[in-house]
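>>> sequence and predicted model, in that order:
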Amino acid sequence: LYSAYVLMVITDDHSNVHQSLKASNVYFNLKRAAYSANPSSVSSTHFKKDVINKLHQIGISKQLQNALALETSLHKERRPHSLQTYVDRAQSVWEKRILKSLNTMCTELSVSLAHGRSKADQLEMRANWAELSDIIDPTRLESYRPVYGPKDFLEVVSSLSNPNLLSHSHHSFWGLVQVPVNVPSLDQLRHRFAPLSLSNPQSGLDDDAFDWAAFRDKHLRRVVAAKDYLISQAAAAKGLSVGSRGDVWCSALNVAVDDVDRMYYNQLKHQVILHDLMIDNVIVKDIRLTAVNDDFYFVFEDYLYQTLLVFSRDTEVLKLCDSECLLSLKGYLRGKLGNSDYSVLYPPNGVVPFHGFAMLLAPLGFLYTDPVTMFFVFRQLHVRYFSYLHSLSLNENGIISVSACFESLLSTLQPTLFLHLRSIGAQPLKMAFKWLMRAFSGYLESDQLLVLWDRIIAFETNLILSVLATGIFIFRMNNLMAVKTASAAESIMSDLSTIRVIPILQITLTNKLFSIH
């Protein structure tokens, strides 16, 4: 009762927030504190005041405050969209396509979706958990392939249209996105990303300015010590130092790993050791095709296995993710096909990895050496941002809105460039889609990627990806205007290793081109 009252006092009428908090570690800690509290320390006449004071005394008020702020932002009221039913139907068709791909692979390879590991395999995996790369047999993976990739998903996104809208009546006839979603104007984006204005010093641009760097580092030490969700978000808006980024991200994402979290991770790890899922091989193959072949991320190979295999078993993702971003693929016990009493969600976390999925995790290797912390940070990043980039959703963070925002912004700022690329068969979104779907991981230099992700966390939106993609096209406009073929345009845009994120964002938001060294 004590714990329930605390939540009701603080969340008021936010029933969704209340229910989410009741399923969290915060509620567990509140109950534990309530059982150990002395009833005489809380009076009936000043109950609310005494409860709040007690929260401060037991050191849980900050934890509750962070959880409340995070859950409130996750449960922002969304207005129903007239196209929601149509997009839901398209998502269902897409799921059937993914399911067919999985079943075809199983049939071709004569494997099942899941089976128990042998005792010998269990012992070997348990003994080599910290170095799983040592026991992976590359020959076993040769026949496995990605379930789908950015090119496949772009086909689905570009095929969507409003069946009740004439094609010539919507501005997106220039580009590939035909769904009439509302995207912010340039002025709205400038207002939203005001901390990126030229008048504000930025980490990732002004790091060599001694006075600014010294002031920033001193400020960030206070931010890390505060462990406050909102303060950490505000700090990330102007970028973070290398030394503070891991801690500030944890606070901004409300990740505070405790013994309960470590026990939960070990339970999921145990499930990985007991059961071999076909999707495990897809995950391992993706890690070896992408992160292991990357000059920056190959050293984190074992961390990636320890995180993504565990992530695939995490059914909490189903509760935390927006329902629009979850697949509803089902597996059945052998001989029970079609019988709902013997069906299970597959994979358990509802996430079928696409080609390059591992790259959404790989950059965290620079921030965390503890796989448990890496797992919980990645789960929060996926739930809040990345899940929207590989599912059909009308959410602002969804790939449809992010793609539409990119096309709208580029056609507004540089219509001549847009039409030129379109005329030679080089639709800008075809070149940019893989950047957006992977949040630029694997395309930008690692330090620049983390600078970009600072701002995703700070502004709580994927639309910053649209702004950056637009800026890159503008920055390379002179070269693009000179080419006559789509292949030549793609060649110009294939290497982003020289791109510096903050100047490009400022170019786009101010609509002023200046030299970047």
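Noted; the coordinates are in hand.
>>> for the protein, which segments count as strands?
Assignment of strands within the chain using DSSP state E yields the ranges 114-116, 275-277, 330-332, 343-345.
>>> worst mean pLDDT among the ones you listed?
Of all these, mean pLDDT reaches its minimum on strand 330-332 (a mean of 59).
>>> wait, isn't residue 462 in contact with residue 384?
No. The criterion here is CB atoms under 8 Å, and residue 462 misses it with residue 384 at 9.6 Å. For every residue, glycine as well, the C-beta is placed using N, CA and C.
>>> and the residue nearest the centre of this structure?
residue 386 (2.2 Å; CA atoms, centre = their mean).
>>> ok, that one - contacts?
Counting by CB atoms under 8 Å, 6 or more residues apart in numbering, residue 386 makes contact with 360, 439.
>>> show me which residues of the top helix by length along the chain are buried.
Taking DSSP state H as the criterion, the chain has its longest helix at helix 84-109. Neighbour-count burial for helix 84-109 flags 86, 87, 90, 91, 94, 95, 98, 99, 101, 102, 105 (criterion: 16 or more other CB atoms under 10 Å).
>>> any idea which of those residues is the one closest to residue 121?
Residue 121 has its nearest neighbour among these in residue 105, at 21.1 Å by CB to CB.
>>> surely that closest one meets residue 281?
No. Residue 105 sits out of contact with residue 281 when judged by CB under 8 Å, with a separation of 9.3 Å.
>>> and for these two, which residues touch both?
Common neighbours of residue 105 and residue 281, using CB under 8 Å, 6+ apart, are residue 144.
>>> backbone dihedrals for residue 201, please?
With angles defined as degrees, to the nearest 10, residue 201 sits at phi -70, psi 150.
>>> that one touches residue 219, doesn't it?
No. In this structure, residue 201 is not within contact of residue 219 by CB under 8 Å, at 11.3 Å.
>>> low-scoring pLDDT stretches of the stretch 251-400 of the chain, where are they?
Within the stretch 251-400 of the chain, the ranges that satisfy pLDDT under 70 run 322-343.
>>> quick one: the helices in it?
Secondary structure of the stretch 251-400 of the chain by DSSP state H, counting those that start in this stretch: the helices cover 259-274, 278-289, 301-311, 316-320, 371-384, 399-413.
>>> which one, of those, ends up nearest to residue 391?
Residue 391 lies closest to helix 399-413 among the helices of the stretch 251-400 of the chain, at 7.4 Å (CB to CB).
>>> for residue 212, give its distance to residue 206.
Relative to residue 206, residue 212 is positioned 5 Å away (CB to CB, to the nearest Å).
>>> ok, now residue 240?
Using CB to CB, residue 240 is found at 13 Å from residue 206.
>>> next: residue 496.
Applying CB to CB to residue 496 and residue 206 gives a distance of 22 Å.
>>> one more: residue 179?
In this structure, residue 179 and residue 206 are 39 Å apart, going by CB to CB.
>>> between those two, point out the one with more neighbours.
A count of neighbours by other CB atoms under 10 Å puts residue 179 above the other of residue 179 and residue 206, at 23 against 16.
>>> mind putting the helices of the stretch 251-400 of the chain into JSON lines with distance to residue 195?
Output for these, formatted as JSON lines (distance: least, CB to CB, whole Å):
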{"stretch": "helix 259-274", "distance to residue 195": "32"}
{"stretch": "helix 278-289", "distance to residue 195": "35"}
{"stretch": "helix 301-311", "distance to residue 195": "31"}
{"stretch": "helix 316-320", "distance to residue 195": "28"}
{"stretch": "helix 371-384", "distance to residue 195": "19"}
{"stretch": "helix 399-413", "distance to residue 195": "19"}
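>>> which one of the ones you listed lies closest to residue 247?
Nearest to residue 247, of all these, is helix 371-384, at 10.2 Å by CB to CB.
>>> which helices and strands sit right next to the closest one?
Applying 3 or more CB pairs under 8 Å, 6 or more residues apart in numbering; DSSP states H and E, we find helix 371-384 packed against helix 242-252, helix 259-274, helix 301-311, helix 316-320.
>>> quick one on the thing from earlier: in TSV, list the helices of the stretch 251-400 of the chain along with distance to residue 142 and mean neighbour count.
Converted to TSV, the helices of the stretch 251-400 of the chain look like this (distance: least, CB to CB, whole Å; neighbours: other CB atoms under 10 Å):
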stretch	distance to residue 142	mean neighbour count
helix 259-274	22	15
helix 278-289	9	22
helix 301-311	18	24
helix 316-320	30	16
helix 371-384	27	22
helix 399-413	31	24
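>>> let me know which of the ones you listed is the nearest to residue 109.
helix 278-289 (8.2 Å).
>>> quick one: list the elements packing against that closest one.
Right, helix 278-289 is packed against helix 84-109, helix 138-141, helix 301-311 by 3+ CB pairs under 8 Å, 6+ apart.
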